[in-house]
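Engineer: got a predicted structure here, sequence first:
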Amino acid sequence: MNALNRDFKKLVKLYKNTFKEKVNEDYHRLKFHLMPPVGWLNDPNGLCEFKGKYYIFYQYSPFDSNGGTKFWGLYTTKDFINWKDEGAKIFSDQPYDCHGAYSGSTLVHNDKMYIFYTGNVKNIGNHDYINSGREHNTILIVSEDGENFENKTLLMRNSDYPDNLTCHVRDPKVFIENDKFYMVQGARDKQNVGQILLFESHDLKNWKFINTIKSKEIFGYMWECPDLIKLENKNILIMSPQGIEPDDIKYNNIYQTGYYFIEGDYKTSNYKLSDFNEIDRGFDFYASQTFVDSKKRTILIGWMGLPDIQDLYTNPTTEYHWQHALTIPRELKINNNKLIQIPICELESLRKTKKDFKVEKTLVDEAFDTFEINIDFEKSNDFKLIIKKGAILEYSSEEKLFSLSFNEIGFGRTKRSCKLERIENLRAFVDTSSIEIFLNNGEEVFTSRFYPDKNVREINLTGENLKVEIYEMGSFNIKGD
């Protein structure tokens with residue numbers, strides 16, 4: 001262990017102990033979502049199942065709730081309900097990652113964890129940090145016990161990537177196929193075209209660049225957080241493009257997250273990308289990552305936040321020394337050639353008191369502080385649901401449009417919408433300061449933060465012939481490091 005690593009560990013614990021009471025004072029502290037113990041959280045990283053436990057790493061800046069030098073924090077669990085906060089585990093403590101241990105992934109192989117991530121370096125000088133002055137280094141950590149993560153190996157520097165690229169190459173996701181290892185990384189070339197780099201290896205240490213994956217038409221200047229998965233015999237590229245202009249109700253966030261179906265052989269030039277589809281239509285979703293667990297489920301977790309939003313909307317939790325969270329885990333499936341998301345079944349064990357309603361026209365009720373609401377529609381009709389006097393969910397059968405909007409409790413969040421031919425069911429998870437909405441069994445999803453008053457719990461629903469279930473939701477059980 002080097003001295004910087006040792007001191008970082010001490011400082012993180014000291015800072016957490018100093019501010020944890022302030023964090024716990026915040027009513028908007030989430031109850032059934034993973035959030036930073038203190039400070040800033042962003043991308044989920046290194047998601048995997050190892051020796052009977054799930055490992056949920058995340059980008060972690062403990063010293064500043066507005067971001068800063070990135071470490072990797074870690075939560076572990078066996079059931080997605082009872083968690084252990086393992087603290088910060090991977091630090092920016094080497095010359096090749098001194099300005100941040102950026103995003104990456106874990107491959108479990110031969111009973112070891114192979115962790116790949118981007119080491120970020122910003123050199124001093126007159127640089128634009130796009131074409132010069134920035135290092136994005138690919139780094140490997142091998143852990144045999146899931147507890148020690150100090151042994152680092154530098155695999156690739158910017159000089160090892162293709163010559164036509166800018167300094168921006170990052171976020172390695174590694175997978176195995178036909179006894180070979182593959183890595184995808186997000187990239188930006190010198191013509192400001194976003195793309196994915198594909199590498200191949202036989203030993204997880206020596207990597208050879210073999211292909212570029214990109215759209216026929218330019219679609220953003222940078223493709224972040226790539227995730228190439230196989231689901232129901234279909235190859236799917238999930239990623240987060242930057243630099244997409246809004247198109248009516250599509251692409252309204254500053255940056256997007258979505259997916260392409262890949263036809264053909266992505267290892268060669270003989271491939272074709274489908275149309276791009278957004279994974280989530282809400283205000284707060286980015287940089288998702290997937291993994292396959294021992295139950296053969298492909299599980300996705302996203303960052304319930306976005307970078308560079310400070311001039312658009314805000315999170316008042318910064319006053320309590322924390323910001324952002326991870327989404328609830330979602331199982332991915334394909335239906336009608338579309339990726340759908342279903343909240344994992346383990347969350348049902350958090351259900352407590354239940355209320356049932358048959359709504360003919362209107363329902364006004366005092367909801368629980370945190371709850372799950374399920375609405376079944378006998379036929380696709382207009383409806384409007386107002387949660388805690390500020391989150392408005394509505395569907396227009398004439399426009400075939402579903403919308404989520406907020407008043408002032410959105411703290412700058414206004415309205416997001418999607419086209420929907422019919423409304424069959426709605427399932428929403430409402431935490432103290434977040435909402436995740438699943439429409440038509442996960443056909444469309446909206447994830448957003450919002451900040452209602454702690455004394456306001458009213459829900460107001462208008463619609464015809466609706467079957468409604470409301471469950472009070474309990475809290476995660478999280479033990480400290």
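Structural biologist: Yep, it's here.
Engineer: all strands for the stretch 1-150 of the chain, in order.
Structural biologist: 39-50, 53-61, 71-77, 82-90, 101-109, 112-122, 134-143 (DSSP state E, counting those that start in this stretch).
Engineer: okay, those strands in a markdown table with mean neighbour count, distance to residue 221 and mean pLDDT next?
Structural biologist: For every residue, glycine as well, the C-beta is placed using N, CA and C. A markdown table is the format used below for the strands of the stretch 1-150 of the chain (neighbours: other Cβ atoms under 10 Å; distance: least, Cβ to Cβ, whole Å; pLDDT from 0 to 100):
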| stretch | mean neighbour count | distance to residue 221 | mean pLDDT |
| --- | --- | --- | --- |
| strand 39-50 | 24 | 19 | 98 |
| strand 53-61 | 24 | 21 | 98 |
| strand 71-77 | 22 | 27 | 98 |
| strand 82-90 | 19 | 28 | 97 |
| strand 101-109 | 24 | 18 | 98 |
| strand 112-122 | 22 | 18 | 98 |
| strand 134-143 | 21 | 15 | 98 |
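Engineer: distance to residue 176 for those - can I get that in TSV?
Structural biologist: Formatted as TSV, the strands of the stretch 1-150 of the chain follow (distance: least, Cβ to Cβ, whole Å):
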stretch	distance to residue 176
strand 39-50	13
strand 53-61	18
strand 71-77	22
strand 82-90	22
strand 101-109	7
strand 112-122	10
strand 134-143	15
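Engineer: spatially central residue in the protein, please.
Structural biologist: Geometric centre of the chain, nearest residue: residue 302, 1.4 Å, by Cα atoms, centre = their mean.
Engineer: quick check: pLDDT value at that residue.
Structural biologist: Per-residue confidence at residue 302 stands at 98 (pLDDT).
Engineer: ok, and the closest non-adjacent residue to it?
Structural biologist: residue 288 (3.8 Å; Cβ to Cβ, 6 or more residues apart in numbering).
Engineer: partner strands of the helix or strand where the one you found lies and their direction?
Structural biologist: For residue 288, the host element (DSSP states H and E) is strand 286-292. Strand 286-292 has the following strand partners under DSSP bridges: strand 298-304 (antiparallel).
Engineer: show residues contacting the strand it pairs with.
Structural biologist: Strand 298-304 has contacts (Cβ atoms under 8 Å, 6 or more residues apart in numbering) with 33, 41-44, 47, 56, 59, 229, 231, 238, 257, 279-280, 284-293, 324-332, 341, 344, 434, 447, 449.
Engineer: could you list the low-pLDDT ranges of this protein?
Structural biologist: Residue ranges of the chain with pLDDT under 70: 1, 481.
Engineer: show me the contacts for residue 435.
Structural biologist: 282, 387, 391, 404, 428, 429, 446, 447, 448, 450.
Engineer: just to be sure, it is in a helix?
Structural biologist: No - under the criterion used here (DSSP: H, G, I helix; E, B strand; the rest coil), residue 435 is strand, not part of a helix.
Engineer: beta partners of it?
Structural biologist: residue 430, residue 448.
Engineer: how near is it to residue 301?
Structural biologist: Residue 435 is 17 Å from residue 301, where distance means Cβ to Cβ, to the nearest Å.
Engineer: same question for residue 97.
Structural biologist: 23 Å.
Engineer: who has more neighbours, those two?
Structural biologist: Between residue 97 and residue 301, counted using other Cβ atoms under 10 Å, residue 97 has the larger neighbour count: 26 against 23.
Engineer: so for the helix or strand residue 173 falls within, what gets flagged as buried?
Structural biologist: Of the helices and strands defined by DSSP H and E, residue 173 is found in strand 165-177. Going by neighbour count (16 or more other Cβ atoms under 10 Å), the buried part of strand 165-177 is 165, 166, 167, 168, 169, 170, 171, 172, 173, 174, 175.
Engineer: then stretch 241-253?
Structural biologist: In stretch 241-253, counting by 16+ other Cβ under 10 Å, buried: 241, 242, 243, 244, 250, 251, 252, 253.
Engineer: returning to what we had before: mind putting the buried residues of strand 165-177 into CSV with distance to residue 356?
Structural biologist: Below are the buried residues of strand 165-177 laid out as CSV (distance: Cβ to Cβ, whole Å):
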residue, distance to residue 356
165, 57
166, 56
167, 57
168, 52
169, 53
170, 49
171, 45
172, 48
173, 43
174, 47
175, 44
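Engineer: show me the protein divided up by domain.
Structural biologist: Segmentation of the chain into domains, based on automatic domain parsing, reads 3-342, 351-479.
Engineer: for the last one, the distance to its chain's centre please.
Structural biologist: From the chain centre to the centre of domain 351-479 is a distance of 21 Å (Cα atoms, centre = their mean, to the nearest Å).
Engineer: same question for the longest one.
Structural biologist: Using Cα atoms, centre = their mean, we find the averaged C-alpha position of domain 3-342 to lie 8 Å away from the chain's own average C-alpha position.
Engineer: start to end distance for that domain?
Structural biologist: Across its full length, domain 3-342 reaches 45 Å between end residues, using Cα to Cα, to the nearest Å.
Engineer: likewise stretch 286-303?
Structural biologist: 5 Å.
Engineer: buried ones in it?
Structural biologist: Neighbour-count burial for stretch 286-303 flags 286-292, 297-303 (criterion: 16+ other Cβ under 10 Å).
Engineer: turn those residues into a markdown table, columns for distance to residue 205.
Structural biologist: A markdown table is the format used below for the buried residues of stretch 286-303 (distance: Cβ to Cβ, whole Å):
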| residue | distance to residue 205 |
| --- | --- |
| 286 | 30 |
| 287 | 26 |
| 288 | 27 |
| 289 | 22 |
| 290 | 24 |
| 291 | 22 |
| 292 | 23 |
| 297 | 30 |
| 298 | 27 |
| 299 | 28 |
| 300 | 28 |
| 301 | 28 |
| 302 | 30 |
| 303 | 29 |
